[in-house]
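Engineer: I would like the atomic coordinates for the input below:
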Amino acid sequence: MTQNYSPSELLICLSSRAMQDGATAFIGTGIPMLAASLAQKMHAPTLIPVFEFGGTGAILEKLPLAVGDMRTFNKATVASGICDIMETAQRGFIEYGFLGGAQIDPYGNLNSTNIGTHDAPKVRLPGSGGGNDVGSLCWQLIAIMRHDKRRFLEKIDFITTPGFLSGPGAREKAGLPAGTGPYRVVTNLCVMCFDDETKRMKVLSLNPGVTIEKVRENTGFELLVADVLDTNDPPTDEELRILREDVDPDGLYR
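Structural biologist: Reported below is the predicted structural model:
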């Protein structure tokens, strides 16, 4: 069967399916915004997207270009500001956080600050924005990543957003709320969770046509693997139609 979708479209659709109707979800820039818009149009009409500059509960009729875009306030339930949003997360009212990153390690720590050393980087990235708060305070963090060895590293260059830090008990020792932390990693190759005991990344399900050997080849650390591996469904015709015609008609992210 001929594949009629791009890797980016698969990543958007898988991320969208992780967004539940009625849930509060902190949405980062890029693919998380497309996924949130697709979710509202497909299966989660009462999804409550939260954006760090103050938009809460916006109807994502048109794709925002950034988390401070006026479209993040479109028909919103609340239009406040960044301090209110971070306080809302600190009070425990935001269930999911959806973020991307340049690098991720086995414990779900994310880097969006720099490649190379901090003082003399090879590349200076956008930085944290609200990323540290999202990973620190939302109940469950879902990272959305393109999967290759440059991104999945045993040791990342900078911890912008905390995952499980160095392993079991490290978040609590650092003063982060108990019960919070990474939940899923969604990539163009697979979907992963985190082992309850070791807090290391574990492969849950593979994307269509992907083998566990390919996942391992594209990962810079040893992966745990679930006893039974499921296969993720490819994008449906309806998901692709809505994504291409309604969510991203200009093809900015395809």
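Engineer: how long is stretch 226-235 end to end?
Structural biologist: End-to-end distance of stretch 226-235 (C-alpha to C-alpha, to the nearest Å): 23 Å.
Engineer: quick check: phi and psi on residue 143?
Structural biologist: phi -90, psi 140 (degrees, to the nearest 10).
Engineer: need the contact list for it.
Structural biologist: With contact taken as C-beta atoms under 8 Å, 6 or more residues apart in numbering, residue 143 is in contact with 99-101, 104, 108, 110, 182, 184-186. Bear in mind the C-beta positions are built from the backbone N, C-alpha and C, glycine included.
Engineer: got the contact list for residue 61?
Structural biologist: Per C-beta under 8 Å, 6+ apart, neighbours of residue 61: 71, 74-75.
Engineer: for residue 125, same thing?
Structural biologist: Taking C-beta under 8 Å, 6+ apart, one finds 102, 111-115 in contact with residue 125.
Engineer: for the contacts of residue 61, which PyMOL command selects only the ones that are buried?
Structural biologist: Selection of buried members from the contacts of residue 61 for PyMOL, criterion 16 or more other C-beta atoms under 10 Å:
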select buried, resi 71+74
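Engineer: tabulate the contacts of residue 61 (JSON lines), appending secondary structure and distance to residue 132.
Structural biologist: As requested, those are exported to JSON lines (DSSP: H, G, I helix; E, B strand; the rest coil; distance: C-beta to C-beta, whole Å):
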{"residue": "71", "secondary structure": "helix", "distance to residue 132": "25"}
{"residue": "74", "secondary structure": "coil", "distance to residue 132": "27"}
{"residue": "75", "secondary structure": "coil", "distance to residue 132": "29"}
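Engineer: endpoints of stretch 81-95, how far apart?
Structural biologist: OK, stretch 81-95 end separation, C-alpha to C-alpha: 19 Å.
Engineer: rounded mean pLDDT for it, please.
Structural biologist: Averaged over stretch 81-95, pLDDT sits at 93.
Engineer: show me how far that stretch is from its chain's centre.
Structural biologist: Centre-to-centre, stretch 81-95 and its host chain are 18 Å apart (C-alpha atoms, centre = their mean, to the nearest Å).
Engineer: got the buried residues for that stretch?
Structural biologist: 82, 85-86, 88-89, 94-95.
Engineer: tell me the one of these nearest residue 132?
Structural biologist: residue 86 (10.0 Å; C-beta to C-beta).
Engineer: hmm, that closest one is touching residue 130, no?
Structural biologist: Yes. Here residue 86 reaches residue 130: they are 7.0 Å apart, a contact under C-beta atoms under 8 Å.
Engineer: between these two, what contacts are shared?
Structural biologist: Common neighbours of residue 86 and residue 130 (C-beta under 8 Å, 6+ apart) are residue 52.
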